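S.K.: based on what follows, work out the 3D shape:
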Amino acid sequence: MTAETKSAQDRARAAQDAIAARHLRPLFGWVPGTLLGGVAWPPVGRPLSRAAITSSWNLWWQAHLVDLLVDGYIHRFDDHCGIAAGRLMRGIWIRNGFRWTNQYYDDMAWLGLAAERVSRHVPRENTADFSGTAARLSSVMVDAWRPRLGGGIPWRTTDTFFNAPANGPAAILLARTGRHDRSVAMADWMDASLRLPSGLIADGVWHRPNGDLELDSATFTYCQGVALGAEVEAYRLTGADVHLDRIDALLRAVAARMTVDGVIRGAGGGDGGLFAGILARYLAFTATDLPPRADDLRARAGRLVLDSADAAWANRALDADGRPVFGPDWHRPAALPDGSGSAARKIGGAVAASSVPERDLSVQISAGILLESAVSVTIGSSEHTGSATPD
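M.R.: You can find the predicted model right below:
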């Protein structure tokens, strides 16, 4: 193992250990064979207290925590991560009312991706088989397709807002569950409907009651990430150079508009805490799963991941046990939360940040994803082939 690889692995392991120690607990504090990620540290109330029970329930945060644990298993064959991923999936199912679905298509797409990765990467002796979960949620994404309304799939079952955060992960999930034509169609729809003159992908488009389509041109890092992931999958499935051209344009726009001195910019806490980590994951996917003929794209994507990881690590704080605490902006020093002020809370369909964003599970997961993504880039861990130079 080279010094560079050891450093990347040690950092990622430290982030995983910190999240496990501070956030991972059995459901309701006692349900056997389950885990759930506490949304805040220091926590909100004691287990089973009113404050703890009524604290924000964020399915998509938990799905990304599953994905992070799968990363730990892939990169270090860490059985603790593999077992925890399965227990977390069970905790999600129970906490979500003994079902895998809710009214948000983006939540379901993320959970489907997590289930698919657990099933594909973690051996059965460490976890249950969640391939049926992935297949079911994949079917939900297919059924949500609304071309007559200008989509795409909507953000949630009650909306006519067709956005990148739903279509991007859905396209990636469909690519990985055998729904190839629809996956490519989703990537094409995002490029045709959401790409801005800047090269970035817009948040989404509204279908108004009068039939008009109204673009919401807000740009977020995670929208770029899921678009990259969808395009890499589309290239893998078709071999069409148009997808490489789109990836090139996205990388240029991200580097120019979504970084600070080469470091992916943050979006605060709450739901925004996950945005940068999602971009980092799919930048790493671009770096590891494009073919050798796309070496320039691979190198540019990987550099953004590695530079961001170096900055996040350099700017970490340490808790009383010497474990890392990461900030929402990786180019700035992190603060150490003390439990004062408000914790993350649901407002409408989104989760607002804690008074100190470092308190939020989303912020710590995001940094963990970044550091595991740096491992992927460093060791050449391809999502699909396990090779640094996939076919």
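
S.K.: could you use CA atoms for every contact and neighbour count after this?
M.R.: Fine.

S.K.: for the residue of the chain most remote from its centre, phi and psi?
M.R.: The C-alpha centroid of the chain is most remote from Asn210, which lies 34.7 Å away (C-alpha atoms, centre = their mean). Main-chain dihedrals, Asn210, degrees, to the nearest 10: phi -80, psi 0.

S.K.: heads up, I number from 815, so please use that
M.R.: Sure, I'll start numbering at 815, so the last one becomes Asn1024.

S.K.: and it, how far is that from Leu963?
M.R.: With the distance defined as C-alpha to C-alpha, to the nearest Å, Asn1024 ends up 11 Å from Leu963.

S.K.: Lys820 too?
M.R.: Lys820 sits 50 Å away from Leu963 when distances are taken as C-alpha to C-alpha.

S.K.: ok so, going back, which neighbours do Asn1024 and Leu963 have in common?
M.R.: Common neighbours of Asn1024 and Leu963, counting by C-alpha atoms under 8 Å, 6 or more residues apart in numbering, are absent.

S.K.: so which helix or strand of the protein has the lowest pLDDT on average?
M.R.: Within the chain, no helix or strand scores below helix 864-867, which has a mean of 52 by mean pLDDT, DSSP states H and E.

S.K.: averaged pLDDT, stretch 1058-1065. What do you get?
M.R.: Averaging pLDDT along stretch 1058-1065 yields 98.

S.K.: quick one: distance of it to the chain centre.
M.R.: Relative to its chain's centre, stretch 1058-1065 lies at 20 Å (C-alpha atoms, centre = their mean, to the nearest Å).

S.K.: okay, Lys820 and Leu963: which has more neighbours?
M.R.: Using other C-alpha atoms under 10 Å as the criterion, Lys820 and Leu963 rank with Leu963 on top: 19 against 14.

S.K.: what sits closest to the more buried one if chain neighbours are left out?
M.R.: In this structure, Leu963 finds its nearest non-sequential neighbour in His1021, 6.3 Å apart by C-alpha to C-alpha, 6 or more residues apart in numbering.

S.K.: the one you found bridge partners, please.
M.R.: Leu1027 (DSSP bridges).

S.K.: residues contacting it?
M.R.: Neighbouring residues of His1021 by C-alpha under 8 Å, 6+ apart: 963-964, 974-976, 1027-1028.

S.K.: return the distance of the most centrally placed residue in the chain relative to Leu1185.
M.R.: For the chain, the residue nearest the mean C-alpha position is Ile1092 (4.0 Å; C-alpha atoms, centre = their mean). Using C-alpha to C-alpha, Ile1092 is found at 12 Å from Leu1185.

S.K.: if you average the pLDDT over stretch 1122-1142, what comes out?
M.R.: Average pLDDT, stretch 1122-1142: 98.

S.K.: tell me the buried residues in that stretch?
M.R.: Going by neighbour count (16 or more other C-alpha atoms under 10 Å), the buried part of stretch 1122-1142 is 1122-1127, 1129-1131, 1137-1142.

S.K.: next: stretch 970-985.
M.R.: Those would be 970, 974-985, for stretch 970-985 by 16+ other C-alpha under 10 Å.

S.K.: same deal with stretch 840-851?
M.R.: Across stretch 840-851, burial judged by 16+ other C-alpha under 10 Å covers 840-842, 848-851.

S.K.: on contacts alone, who are the packing partners of the helix or strand where Ile888 lies?
M.R.: Using DSSP states H and E, Ile888 sits within helix 873-890. Judged by 3 or more C-alpha pairs under 8 Å, 6 or more residues apart in numbering; DSSP states H and E, the packing partners of helix 873-890 are helix 817-836, strand 850-851, helix 893-909, helix 919-935, helix 1175-1193.

S.K.: may I see the buried residues of that helix?
M.R.: Neighbour counts over helix 873-890 (16+ other C-alpha under 10 Å) mark 873-889 as buried.

S.K.: give me the low-pLDDT residue ranges for this structure?
M.R.: 859-870, 1200-1205 (pLDDT under 70).

S.K.: distance of Gly1155 from Ala1166?
M.R.: 13 Å.

S.K.: which one of these two is surrounded by more residues?
M.R.: Neighbours of Gly1155 and Ala1166, each counted by other C-alpha under 10 Å, are more numerous for Ala1166; the result is 22 against 9.

S.K.: first-to-last residue distance for stretch 1117-1137?
M.R.: With C-alpha to C-alpha as the measure, stretch 1117-1137 spans 26 Å from end to end.

S.K.: would you check that Leu850 makes contact with Leu902?
M.R.: Yes. Using C-alpha atoms under 8 Å, Leu850 is in contact with Leu902, at 5.5 Å.

S.K.: off-centre distance for the strand or helix carrying Phe1099?
M.R.: Here Phe1099 sits within helix 1089-1103, counting by DSSP H and E. Chain-centre distance of helix 1089-1103: 9 Å, with C-alpha atoms, centre = their mean.

S.K.: show me what that helix is packed up against.
M.R.: The elements that helix 1089-1103 packs onto, with contact taken as 3+ C-alpha pairs under 8 Å, 6+ apart, are helix 1035-1052, helix 1109-1128, helix 1175-1193.

S.K.: only C-alpha atoms, please: export it in PDB.
M.R.: Extracted in PDB, the C-alpha atoms of helix 1089-1103 (Å, rounded to 0.1, in the frame of the first residue of the first chain):
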ATOM      1  CA  PHE A1089     -25.000  18.500  -1.600                       C
ATOM      2  CA  ALA A1090     -21.200  18.700  -1.900                       C
ATOM      3  CA  GLY A1091     -20.800  15.100  -1.000                       C
ATOM      4  CA  ILE A1092     -23.100  14.000  -3.700                       C
ATOM      5  CA  LEU A1093     -21.100  15.900  -6.200                       C
ATOM      6  CA  ALA A1094     -17.900  14.400  -4.900                       C
ATOM      7  CA  ARG A1095     -19.400  10.900  -5.200                       C
ATOM      8  CA  TYR A1096     -20.200  11.300  -8.900                       C
ATOM      9  CA  LEU A1097     -17.000  13.200  -9.700                       C
ATOM     10  CA  ALA A1098     -15.200  10.100  -8.400                       C
ATOM     11  CA  PHE A1099     -17.500   7.900 -10.400                       C
ATOM     12  CA  THR A1100     -16.500   9.900 -13.500                       C
ATOM     13  CA  ALA A1101     -12.900   9.500 -12.600                       C
ATOM     14  CA  THR A1102     -13.100   5.700 -12.100                       C
ATOM     15  CA  ASP A1103     -15.700   4.400 -14.500                       C
END
